[in-house]
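*Asks:* Next comes the sequence, and after it the predicted model I'd like to discuss.
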Amino acid sequence: MRLNVRPDSDGVFVNTVGLGSGSEKAGVQPEDIITKLNGHVVKSAEELGNLLSSLKPGETITLDLLRQSKPVQVKVTLDATDSK
């Protein structure tokens, strides 16, 4: 999803979001914490990458996030670089 992430106790911390990516268009922001992808709990960048690798451009996913300790849910339509 063209995100620079690191582990966090609650999920995966977003350091940066790729300009023009599906994530940016959906409103994912730096410092968000990804807790779930399509209902699957995400605890590491590796786990997030594994889940994304099975998806194709054009698919829409649901991300559950924590933003400033508040739950947020966004729908991301993956682009050609998001599933890499």
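*Replies:* Received, thanks.
*Asks:* so where's the protein shaky on pLDDT?
*Replies:* 1-8, 81-84 (pLDDT under 70).
*Asks:* how about 50 then?
*Replies:* Of all residues in the chain, none has pLDDT under 50.
*Asks:* can you give me the strands for it?
*Replies:* 3-8, 11-17, 33-37, 40-41, 60-67, 70-77 (DSSP state E).
*Asks:* can you redo those as TSV with mean neighbour count?
*Replies:* Heads up, the C-betas are built off the backbone N, CA and C, glycines and all. Shown next, in TSV, are these (neighbours: other CB atoms under 10 Å):
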stretch	mean neighbour count
strand 3-8	16
strand 11-17	19
strand 33-37	21
strand 40-41	11
strand 60-67	18
strand 70-77	14
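*Asks:* right, and those - which one's nearest A26?
*Replies:* strand 70-77 (4.2 Å; CB to CB).
*Asks:* Name the residues that touch the closest one?
*Replies:* For strand 70-77, the surrounding residues in contact (CB atoms under 8 Å, 6 or more residues apart in numbering) are 1, 22-23, 25-28, 32, 58-66, 82.
*Asks:* Same list, the strands of the chain, but as TSV with distance to L48 please.
*Replies:* Shown next, in TSV, are these (distance: least, CB to CB, whole Å):
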stretch	distance to L48
strand 3-8	7
strand 11-17	5
strand 33-37	6
strand 40-41	9
strand 60-67	10
strand 70-77	12
